[in-house]
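A.B. asks: Sharing a model that was predicted from the sequence below.
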Amino acid sequence: MSLVTSFNSFISTFGYGGHIYVLPILIILAMLAAGSGLGGGVVYLSILEVFLGLQEHESVPISKAIIMGGTLIVLIINVRKRHPDNGRSLIYFDAFFLMEPLTVVGTEFGVMLNEWLPVIVLRWILVVVLAYVLYSQFKKAIRVFKTESKSASYEKLLPNKIYNIRDTFPLVDFLLFVVFWIIFLVLSIMIDFNVMDPAIFQVLKVVLALIFTLVFHLRVLKRTDDSLLEGGNLIKFGLLAILAGIVASSIGLGGGVVKVPALSMLGKDILTVTSTSSAMIFFTASSSSIQYLATHAIDLKKLVFHAVIGFLSFFLGKTVIDRIIKKTGHRSYALFALSTLIFIGFILIFRSAIMLSLE
């Protein structure tokens, strides 16, 4: 058996027989996602639907596996780095701990919204949301690019030093978050197996998320003077986190499409925004992937294969975008990567919405 035949046989076991060209497309899109702070789920789903003819229950687990592998390597790279401008952790952990539990609250409301609204309405809402996010992020990318073009100093555009993880990593808070993540995951799996009335579990998840949010808020306030976490800004930030969950679960977007613009609007630069968003997306995607594995929505071999694809693609994409930023002096290129990925998603979803309307 030739090497080509063996490779085609191997690829066929993962559903790409006769459609091997789909893999390079997914890899390129994942590379774009690595530099944008998004998982890229909206474009993976559309590509798998258009080229492989997969239904949503088949494509979503694959998409989540790619995102899980990709955001894992980004998290590993970023967790020991400090921001070149202020010396703080590249990942905005305070926002991370406060936003993720509240996103869970939004997710529960989004699930209800998804059940109430027709598919065609949800699809057109998705088109409108993507159009707005695309416009706002592309406009910001141009503004930041023009500002950067006036500056001649490129020396501190990217982190150039790796620190001891204990100097940048809030271990106690992270362990508390892992406890929350595990409890939330167990409750979600129990819902999937109909152990108890799903409504009871959903209420428990919301209560759990609110409790952990309060705990994290109190702990964060003890160690920071960040104006983001005070008064009206905190309320605004919390509402945006809930909105991210609603959007993610009701109209099929990843929460990153809301989280990235939200962190940007609250005054965070693109390095912090993309690093923080990727870290949050990893835990969301890994939770979903474990649930899909537990309920046999995807087998272990297929999950690992696509996670490795995501891992390698995101690593390559992040390496490329970091080198481009360092060489050209434009952090705004990460914003252009974000806008490009959203634009591709918008075109694919708009096509889908048109086809649904014509049926």
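C.D. replies: Looks like it arrived, so ask away.
A.B. asks: Tell me the buried residues in stretch 122-129?
C.D. replies: By neighbour count on 16 or more other CB atoms under 10 Å, the buried set for stretch 122-129 is 122-127, 129. For every residue, glycine as well, the C-beta is placed using N, CA and C.
A.B. asks: got the residues you listed as CSV, with distance to Gly69 and pLDDT columns?
C.D. replies: Listed next are the buried residues of stretch 122-129 as CSV, based on distance: CB to CB, whole Å; pLDDT from 0 to 100:
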residue, distance to Gly69, pLDDT
Leu122, 28, 77
Arg123, 28, 78
Trp124, 32, 86
Ile125, 29, 81
Leu126, 25, 78
Val127, 28, 84
Val129, 26, 80
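A.B. asks: Kindly reformat the residues you listed as a markdown table containing secondary structure and distance to Ile77.
C.D. replies: Shown next, in a markdown table, are the buried residues of stretch 122-129 (DSSP: H, G, I helix; E, B strand; the rest coil; distance: CB to CB, whole Å):
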| residue | secondary structure | distance to Ile77 |
| --- | --- | --- |
| Leu122 | helix | 35 |
| Arg123 | helix | 35 |
| Trp124 | helix | 37 |
| Ile125 | helix | 34 |
| Leu126 | helix | 31 |
| Val127 | helix | 33 |
| Val129 | helix | 29 |
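A.B. asks: Relative to Leu38, which of those residues is nearest.
C.D. replies: Leu38 lies nearest to Val129 out of those, by CB to CB, at 13.5 Å.
A.B. asks: thought that closest one was touching Pro261?
C.D. replies: No - counting by CB atoms under 8 Å, Val129 stays clear of Pro261, with 10.4 Å between them.
A.B. asks: mind listing the helices for the stretch 1-150 of the chain?
C.D. replies: 3-12, 22-36, 41-52, 56-78, 93-116, 119-149 (DSSP state H, counting those that start in this stretch).
A.B. asks: and Met190, which of these is closest to it?
C.D. replies: helix 93-116 (14.8 Å).
A.B. asks: circling back: Val195 is nearest to which of the helices of the stretch 1-150 of the chain?
C.D. replies: Among those, helix 93-116 sits nearest to Val195 (CB to CB), with 17.6 Å.
A.B. asks: Pull out the buried positions in that closest one.
C.D. replies: 93-111.
A.B. asks: That one - what's its average pLDDT?
C.D. replies: The average pLDDT within helix 93-116 is 77.
A.B. asks: go on, stretch 201-212?
C.D. replies: On average, stretch 201-212 scores 83.
A.B. asks: can you give me how far that stretch is from the chain middle?
C.D. replies: 22 Å (CA atoms, centre = their mean, to the nearest Å).
A.B. asks: What are the buried residues along that stretch?
C.D. replies: 201-202, 204-206, 208-209, 212.
A.B. asks: Pull the residues that contact stretch 324-342.
C.D. replies: If you take CB atoms under 8 Å, 6 or more residues apart in numbering as the criterion, stretch 324-342 is touched by 29, 32-33, 35-38, 40, 43, 130, 133-134, 137-138, 140-142, 144-145, 148-149, 151, 153-154, 157-158, 257, 260, 269-271, 274, 321.
A.B. asks: can you dump the C-alpha coordinates of that stretch into CSV?
C.D. replies: Presented in CSV, the C-alpha positions along stretch 324-342 are these (Å, rounded to 0.1, in the frame of the first residue of the first chain):
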residue,chain,number,x,y,z
ILE,A,324,4.3,40.1,11.9
ILE,A,325,3.4,42.4,14.8
LYS,A,326,7.0,42.5,16.0
LYS,A,327,8.4,43.1,12.5
THR,A,328,5.9,45.8,11.3
GLY,A,329,5.2,47.5,14.6
HIS,A,330,1.4,47.1,14.2
ARG,A,331,-0.6,45.3,16.9
SER,A,332,-3.6,46.3,14.8
TYR,A,333,-2.8,43.3,12.6
ALA,A,334,-4.4,41.1,15.3
LEU,A,335,-7.5,43.3,14.9
PHE,A,336,-7.5,42.8,11.2
ALA,A,337,-7.2,39.0,11.7
LEU,A,338,-10.2,39.2,14.0
SER,A,339,-12.1,41.3,11.4
THR,A,340,-11.2,38.8,8.6
LEU,A,341,-12.4,35.8,10.5
ILE,A,342,-15.7,37.6,11.4
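A.B. asks: how far does that stretch sit from the chain's center?
C.D. replies: On CA atoms, centre = their mean, the centre of stretch 324-342 falls 17 Å from that of its chain.
A.B. asks: cool, stretch 51-71 as well?
C.D. replies: Computed by CA atoms, centre = their mean, the chain-centroid distance of stretch 51-71 equals 13 Å.
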